[in-house]
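# Sequence isn't available, so here's the structure alone:
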């Protein structure tokens, strides 16, 4: 009997070890910016991923333009999850890999709505021991990750840095269809053909006075012509429902803003001249702001609007800092729309060390609490 029990226990350990190895924790992350013909392509997590996550071939992303033209899959002998993540702030997506295992990253590109014979790009991934980033212009064929032109290892405790000079080398290869002009003769817009089968264009739009102020991105245009326009507004003041994918805005060669559109705006990011993030906006389905954050140029939070998931109440949170950059006061206001402050909800004061010193609550019954620097409560 004892011998049988020992056999069962031993067999269980072997099965657990084999399963454990197949589910080994992913420890390195690969960040990817995807380009097609020089245009940055947003993606979303594939609907089928939840069903394929434990399969050898996992479909992880599909393109987020008006119609799906690109899919991304991962193939490996291992069934562990690869944790697909999207980061529109960096115009990128990421996957996590086990450095001890080999993978194939498979990108399929369809020509318009023809789903019969996609072009396939296969990237071999092995011995990936550190986090890395890759700017990925789609190109049919087989490749090795570490030998690709825009592959770059990421230093420990660092984030991807896609806004580099390499990005400027990925040129727009789309065919120019036509050019529109303002009445003063300056260029208004250039229209590039994305596919002959559908009225989706990649468009560059210029300011009427200063052509170094321009924007670019995808538009769905079913009734386009090159008629001259009398408007002199900057291009980014004109909103409509024909935009799709990433839209970028430039002033004198520097990118100052980029957005994600799906006929309505979904996300918006603005930058300081240094490249530091200035603000980010996340929009709800009704094209209203559901969340925003403003930053100081040193990276500290300045103000944010958010909704608490449990209560569904919305607030504006405002920060006051010392000259040394330490948060001294945080004021939290009630706000239903993110634009108006509808009474103080809570105030927090801090010691120079960053520890909470005082907390005032203004909703319903007024309450105030004081704390010692070690975190214990004290009487005023």
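In hand now; what should we look at? Source: prediction; values computed, not measured.

# now the helices for the stretch 51-200 of the chain?
165-168 (DSSP state H, counting those that start in this stretch).

# List the buried residues for the helix or strand hosting residue 259?
Taking DSSP states H and E as the definition, one finds residue 259 inside strand 254-262. Across strand 254-262, burial judged by 16 or more other Cβ atoms under 10 Å covers 256, 257, 258, 259, 260, 261. Yep, even glycine has a C-beta here, placed from its N, CA and C like the rest.

# And stretch 293-304, by the same measure?
The neighbour-count criterion (16+ other Cβ under 10 Å) identifies 293, 294, 295, 302, 303, 304 as the buried residues of stretch 293-304.

# what residues are up against the fifth one?
By that I understand residue 303. For residue 303, the contact set (Cβ atoms under 8 Å, 6 or more residues apart in numbering) comprises 293, 294, 316, 317, 318, 319.

# That one: helix or strand, and which one exactly?
With DSSP H and E as the criterion, residue 303 is inside strand 301-307.

# hey, what's the residue nearest to residue 320 when sequence neighbours are not counted bridged with?
Here the nearest residue to residue 320 in space, its sequence neighbours aside, is residue 329; by Cβ to Cβ, 6 or more residues apart in numbering that works out to 4.1 Å. Beta-bridge pairing of residue 329, defined through DSSP bridges, involves residue 320, residue 349.

# Isn't residue 329 up against residue 346?
No: under the criterion of Cβ atoms under 8 Å, residue 329 makes no contact with residue 346, lying 11.3 Å away.

# for the residue most central in space within the chain, what are its contacts?
Centroid-nearest residue in the chain, with Cα atoms, centre = their mean: residue 88, separated by 1.6 Å. Remark: with contacts taken as Cβ under 8 Å, 6+ apart, residue 88 is in contact with 42, 246, 260, 266, 267, 269.

# Read off the pLDDT value for the second one.
Residue 246 is assigned a predicted lDDT (pLDDT) of 95.

# Against residue 258, how distant is the nearest residue to it once chain neighbours are set aside?
Leaving aside its chain neighbours, residue 246 sits nearest to residue 40 (5.0 Å; criterion: Cβ to Cβ, 6+ apart). The gap separating residue 40 from residue 258 is 9 Å, by Cβ to Cβ, to the nearest Å.

# anything in contact with each of the two?
Both residue 40 and residue 258 are contacted by 91, 246, 248, under the criterion Cβ under 8 Å, 6+ apart.

# Which strands or helices does the helix or strand the last one falls within pack on?
Taking DSSP H and E as the criterion, the element that holds residue 248 is strand 243-251. Judged by 3 or more Cβ pairs under 8 Å, 6 or more residues apart in numbering; DSSP states H and E, the packing partners of strand 243-251 are strand 39-40, strand 213-220, strand 254-262.

# and those as TSV, adding distance to residue 179 and mean pLDDT?
Rendered in TSV, the data for the helices and strands packed on strand 243-251 read as follows (distance: least, Cβ to Cβ, whole Å; pLDDT from 0 to 100):
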stretch	distance to residue 179	mean pLDDT
strand 39-40	18	92
strand 213-220	13	93
strand 254-262	23	93
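
# Serialize those strands to JSON lines and add fields for distance to residue 61.
Putting the helices and strands packed on strand 243-251 into JSON lines (distance: least, Cβ to Cβ, whole Å) gives the following:
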{"stretch": "strand 39-40", "distance to residue 61": "14"}
{"stretch": "strand 213-220", "distance to residue 61": "18"}
{"stretch": "strand 254-262", "distance to residue 61": "15"}
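
# what residue ranges in the stretch 101-250 of the chain score low on pLDDT?
Residues of the stretch 101-250 of the chain meeting the criterion pLDDT under 70: 164-167, 223-239.

# same thing but 50
Applying pLDDT under 50 to the stretch 101-250 of the chain flags residues 226-238.

# where along it do the strands fall?
103-111, 114-125, 132-137, 141-144, 151-153, 175-181, 187-193, 200-206, 213-220, 243-251 (DSSP state E, counting those that start in this stretch).

# Is residue 333 in contact with residue 313, as I believe?
No: with contact defined as Cβ under 8 Å, residue 333 does not reach residue 313; the gap is 11.4 Å.

# So what pairs up with residue 291 in the strands?
When residue 291 is checked against DSSP bridges, its beta-bridge partners turn out to be residue 282.
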